[in-house]
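**Q** How does the following fold in three dimensions:
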Amino acid sequence: MSIVIGILCLLFICSSVLIVASFPISLYQKRNPLKEDAGPKEKDYYRNIFNVYGE
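**A** Sure thing, here's the model as predicted:
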């Protein structure tokens, strides 16, 4: 029984992390919508994560 409870807790923790992480992503997309006529640079959702030197 403890194994089942552990698995359920793990699923709950993983799902809550995904839900909490989705809030900033959705807010960023509402604030900075992607343009349809923009080049491939504008469609990169992860450019801010890897933008180390602020280029």
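**Q** Near residue 45, how many other residues are there?
**A** Residue 45: 10 surrounding residues under other CB atoms under 10 Å. In short, each C-beta sits where N, CA and C put it, glycine included.
**Q** Could you measure from it over to residue 23?
**A** 15 Å (CB to CB, to the nearest Å).
**Q** Residue 50 too?
**A** In this view, residue 50 and residue 23 are 21 Å apart by CB to CB.
**Q** Next, residue 3: secondary structure please.
**A** helix (DSSP: H, G, I helix; E, B strand; the rest coil).
**Q** what's near enough to touch it?
**A** Contacts of residue 3 were listed using CB atoms under 8 Å, 6 or more residues apart in numbering, and none were found.
**Q** mind checking pLDDT for it?
**A** If you check residue 3, the pLDDT there is 95.
**Q** Got the phi and psi for residue 49?
**A** Here is the backbone geometry of residue 49 (degrees, to the nearest 10): phi -70, psi -40.
**Q** Give me the neighbour count for it.
**A** Using other CB under 10 Å, residue 49 is surrounded by 8 other residues.
**Q** all helices of the chain, in order?
**A** Under the criterion DSSP state H, the chain contains helices at 2-31.
**Q** show me where pLDDT drops low in it?
**A** Scanning the chain for pLDDT under 70 picks out the ranges 29-43, 54-55.
**Q** so how many other residues sit close to residue 27?
**A** Residue 27 sits with 10 neighbouring residues when counted by other CB under 10 Å.
**Q** which residues touch it?
**A** The contact partners of residue 27, taken as CB under 8 Å, 6+ apart, number zero.
**Q** repeat for residue 12
**A** Contact analysis of residue 12 by CB under 8 Å, 6+ apart lists nothing.
**Q** Then residue 14?
**A** Per CB under 8 Å, 6+ apart, neighbours of residue 14: none.
**Q** Quick check: the gap between it and residue 22.
**A** Remark: distance between residue 14 and residue 22 (CB to CB) = 13 Å.
**Q** What of residue 6?
**A** Computed as CB to CB, the residue 6 to residue 22 distance reads 25 Å.
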